[in-house]
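Trainee: Structure, please.
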Amino acid sequence: MLRDPLALEAGASAREAGQRLADPDVRAVLVCEDGRLVGVVTRKTLVREVVAAGLDPSTTALREIAEPPIFTLDADADLDAAFRELEERDLERVPVVEPDGRLAGVISRAVVQRRLAEDEPPPEDDESPSAA
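Mentor: Numbers count the residues shown, from 1 in each chain. Next comes the predicted model:
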């Protein structure tokens, strides 16, 4: 799990989110209020909620435009269950939250898959020793 993911406070401006999203590797900005995850802002959110609506990105707070996360994982979820959820929902990354709603981090399907593969025992050798 990636701890301390890219997150902005709910009172931050849409411009600040836009600056973060200008990086092609950043797909979403998590929005928190007092450490609790309250929403997500993407490029699509900014275009629809700010640009198309004619709002000023410098004065529009993220709390006004953030969308609820599609899905979150509980911080105490086991890896197998987390991987199944990510696979079934076809999600690449999801926020991980504590029971009180505090953002704990972000987990990716690729990382979970790699970790599960590391935990698997090596395949047994089917070949029996040959008699000489």
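Trainee: so what does the helix or strand of the chain with the lowest mean pLDDT touch, helix or strand wise?
Mentor: Between all helices and strands in the chain, the lowest mean by mean pLDDT, DSSP states H and E belongs to helix 109-119, at a mean of 79. For helix 109-119, the packing partners by 3 or more C-beta pairs under 8 Å, 6 or more residues apart in numbering; DSSP states H and E come out as helix 79-89. Where you see a C-beta, it was placed from the backbone N, CA and C, and this is true even at glycine.
Trainee: outside of the very next helix or strand once past the helix it packs on, which residues touch it?
Mentor: Using DSSP states H and E, the next helix or strand after helix 79-89 towards the C-terminus is strand 93-97. For strand 93-97, contacts defined as C-beta atoms under 8 Å, 6 or more residues apart in numbering pick out 1, 5, 27, 30, 36-37, 40, 69-75, 77, 85-86, 103-109.
Trainee: okay, the spatially most central residue of the chain: pLDDT?
Mentor: Closest to where the C-alpha atoms of the chain average out (C-alpha atoms, centre = their mean) is Val94, at 3.1 Å. Per-residue confidence (pLDDT) for Val94: 92.
Trainee: Over to the one 10 residues further on?
Mentor: Looking at Ala104, its pLDDT stands at 94.
Trainee: Show me the strands in this structure, by range?
Mentor: In the chain, the segments counted as strands under DSSP state E are 7-9, 29-33, 36-41, 73-74, 93-97, 103-108.
Trainee: want to try JSON lines for these, with distance to Arg15 as columns?
Mentor: Output for the strands of the chain, formatted as JSON lines (distance: least, C-beta to C-beta, whole Å):
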{"stretch": "strand 7-9", "distance to Arg15": "11"}
{"stretch": "strand 29-33", "distance to Arg15": "12"}
{"stretch": "strand 36-41", "distance to Arg15": "11"}
{"stretch": "strand 73-74", "distance to Arg15": "30"}
{"stretch": "strand 93-97", "distance to Arg15": "23"}
{"stretch": "strand 103-108", "distance to Arg15": "22"}
